[in-house]
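# Next comes the sequence, and after it the predicted model I'd like to discuss.
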Protein chains: 2
Amino acid sequence: MKEKVNMDMIAQLFNVSIVTVSKALNDKDGVSEELREKIKQTAIDLGYRPNNAAKSLKTQRIYNIGILIANRYVGSQEAYYFRVCGEIIKKLMVLGYSGIMEILMTEDEKDNKLPRMFLESKVDGMIILGQLEESYLRKLEEIDFPMIYTDFYVNYSNVDSIISDNFFSSYQLTVSLIEQGHKNIGFVGNIYSTSSIQDRYLGYYKALLENNINLNSEYIVSDRDGLGKLIELKLPKHMPTAFVANCDQVGYQLINTLKKQGFSVPKDISVVSFDNTFYSTLAEPQITTVDNSVEEMVQTATKIIVKKVENPAKTYGRIFIKGKIIIRDSSQKI
Amino acid sequence: MKEKVNMDMIAQLFNVSIVTVSKALNDKDGVSEELREKIKQTAIDLGYRPNNAAKSLKTQRIYNIGILIANRYVGSQEAYYFRVCGEIIKKLMVLGYSGIMEILMTEDEKDNKLPRMFLESKVDGMIILGQLEESYLRKLEEIDFPMIYTDFYVNYSNVDSIISDNFFSSYQLTVSLIEQGHKNIGFVGNIYSTSSIQDRYLGYYKALLENNINLNSEYIVSDRDGLGKLIELKLPKHMPTAFVANCDQVGYQLINTLKKQGFSVPKDISVVSFDNTFYSTLAEPQITTVDNSVEEMVQTATKIIVKKVENPAKTYGRIFIKGKIIIRDSSQKI
DNA sequence: CTGAAAGCGCTTACAG
DNA sequence: CTGAAAGCGCTTACAG
């Protein structure tokens, strides 16, 4: 094992102080260009790696951002949150930060246990990815620590959130069905389950209202239980001519259920959904859906969390990221 | 913003030294039980969080383990590596470590750029998750840093690896087909692409050899190009009665291709594959596959990397994790 | 049981 | 342009 090299070693090599080495390596004023270059080269040759912990002790910044995600989102078959995590980590890197991931176990969520990375001072701020239980979020908000909610928001808090503009996307998506001549349009999703589903429902409802279409409660089909577990879809007796499904997976499930009952999609019934995931292209026919632009969401979330680390007092409120409708084959004119 | 609380503050509150506070909080000898309890309670009341960076400066350990994963594995539709990452992070937490994820961009891999988390001394060791390019791995091996390869190995190196026992699983899987009466068995996978595919191929081959079945090169169907991108399957003119597909996704693809060509699975042709992912249950019929026991792999990988951090000299070699065959409906007696 | 001293590897403000 | 000094918040070995 090679001896660990530190600034002191390099300083001795050049008969200068470690202050000079520090300045040279960090591109600070106060070193001659010539000496700086020599020091930098030597650092590379020796495989010098700055000690982040030591730096952190002075600067009071550890240059890590935490990503807190509930265990239930990791276990899911859906790679969506993996993509989001990946993007977050990439963007953080560009901003000079590393990403520490922590999985919040259901039990710890119930017990309101604060994230370990926070308790052990391993992060400068946290991105909370995906909705958590209310009581847990309230606990989190007590700690007065740079945080941002990503991909969800809650009404009772003023923590900054980055969310896709579910309400507006859903409105647009439903309008597109109405423009195709549909008047009887259903919605699939447990509208009490998450803010995201609720907003999509409300956008759908707004489109109906604006077009003087009555809301038919029989057309609202639940898709999951209170814990978020998907359930079998109970379709209405009198079917609408189109459905807005609250996510691709449920859209996929819906199409399969419709097929089994002898309906043809989109000939008999059109289906549209959200998220532009795997499921939307897996379905036969492929589903007209909304792309939420993970990249833009993540770009914004990481920028803001880093800014909040530098200036915790500043707030940004709720930031909506526009979605983009992707037309495919699951919907058609009536 | 509350004032940051440190050991010194607590020490002053009790009129003791910070040494005593340190001992009390870390359950070390040399404090009366009574004082220890009081100090601990006060720490909680004040919301004291130990400064990991300061601790690290003395102990020379930062209590973070890096997870390095190539960008191409994150972009994939498959949630497999997400599950692995999630499991790693959970296991690390139990061992007292946090997980720092870093995505290796293709360009940086080509340029042999060492991981930032390593260069910035943010981790005590690294788990390399999923195969990387040879030249990059060689570069990594130069740095003499606690590392473990997970879910792959390379022949030219002696870095410890945790891998699923692809060879043996594939052997068993193929034997199960032979026991069902199959004599003409194909293999789907680019056998030059990854060690994992190659080993599965060799296990398949061993089963043939042991049963005096000739290897028919026409039955070996490539599934991906040199860069790992899946290609259209070119099926043989004379079809075998069964195929071993090198992974579920390809098994899924194979079943769809077979169906399109008018074959019935498993009536005409049996299909088995590997990994017990989403695709294996998505397929119609559901695919007989091998479960690689992510949990056991991860359990072993995290234990070993932590041991290596404590004792870098010790080596563990290649550790094989046994898979388990999961019988489903895609294979049957001939 | 308690604590003074040294030190981990840096950065920062200041003096020359 | 260069560096001495102080200090970030801990832990460790040792003395009492």
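Received it, and whenever you're ready, just let me know what you need.

# Get me the contact residues on chain A for DNA strand D.
A:15-17, A:19-20, A:23, A:29-33, A:35, A:54, A:57-58, A:60 (Cβ under 7 Å from any atom of the strand). Any C-beta I mention is one placed from the backbone N, CA and C, and that applies to glycine too.

# do that again at 6 Å, thanks
A:16-17, A:19-20, A:29-32, A:35, A:57-58 (Cβ under 6 Å from any atom of the strand).

# Buried by neighbour count, from those residues: which ones?
With burial judged by 16 or more other Cβ atoms under 10 Å in any protein chain shown, the buried subset of the residues of chain A next to DNA strand D is A:16, A:20, A:31.

# now, which of those residues sits nearest DNA strand C?
A:Thr20 (9.3 Å; Cβ to the nearest atom of the strand).

# sorry, back to before: Throw the residues of chain A next to DNA strand D into TSV and include pLDDT, secondary structure and distance to B:Ser222, thanks.
TSV is the format used below for the residues of chain A next to DNA strand D (pLDDT from 0 to 100; DSSP: H, G, I helix; E, B strand; the rest coil; distance: Cβ to Cβ, whole Å):
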residue	pLDDT	secondary structure	distance to B:Ser222
A:Val16	91	coil	60
A:Ser17	90	coil	62
A:Val19	93	helix	60
A:Thr20	92	helix	59
A:Asp29	86	coil	59
A:Gly30	83	coil	61
A:Val31	87	coil	57
A:Ser32	87	coil	60
A:Leu35	90	helix	57
A:Leu57	91	helix	55
A:Lys58	90	helix	56
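
# What segments of chain A are strands?
A:64-70, A:98-104, A:125-129, A:147-150, A:161-164, A:185-188, A:220-221, A:242-245, A:270-272, A:289-291, A:318-321, A:324-326 (DSSP state E).

# For stretch A:307-319, list every residue counted as buried.
Quick answer for stretch A:307-319 (16+ other Cβ under 10 Å): A:307-309, A:316, A:319.

# end-to-end on it?
15 Å (Cα to Cα, to the nearest Å).

# Output the below-cut-off pLDDT ranges for the stretch 1-150 of chain A.
Counting by pLDDT under 70, the ranges of the stretch 1-150 of chain A that qualify are A:1-3, A:76-78.

# Could you pull out the helices in it for me?
Counting by DSSP state H, counting those that start in this stretch, the segments of the stretch 1-150 of chain A that form helices are A:7-14, A:18-25, A:33-46, A:52-59, A:71-75, A:80-94, A:106-110, A:116-119, A:134-142.

# Would you mind finding the most buried of those?
Neighbour counts (mean count of other Cβ atoms under 10 Å in any protein chain shown) averaged over each of the helices of the stretch 1-150 of chain A peak at helix A:80-94, with a mean of 22.

# The stretch 201-334 of chain A: helices as residue ranges?
Going by DSSP H, counting those that start in this stretch, the stretch 201-334 of chain A shows helices at A:248-260, A:278-282, A:294-310.

# if we compare those helices, which one ends up closest to B:Thr150?
Distance to B:Thr150, taken as Cβ to Cβ, is lowest for helix A:278-282 among the helices of the stretch 201-334 of chain A, at 24.6 Å.

# Identify all contacting residues around that closest one.
Residues from elsewhere that reach helix A:278-282, judged by Cβ atoms under 8 Å, 6 or more residues apart in numbering or on different chains: A:78-79, A:247-249, A:251-252, A:273, A:286-287, A:289, A:326, A:328, B:77, B:282.

# hmm, which two among the residues you listed are most spread apart?
Farthest pair in the contacts of helix A:278-282, by Cβ to Cβ: A:Ile326 and B:Leu282, 21.7 Å.

# Fine by me, we can end here.
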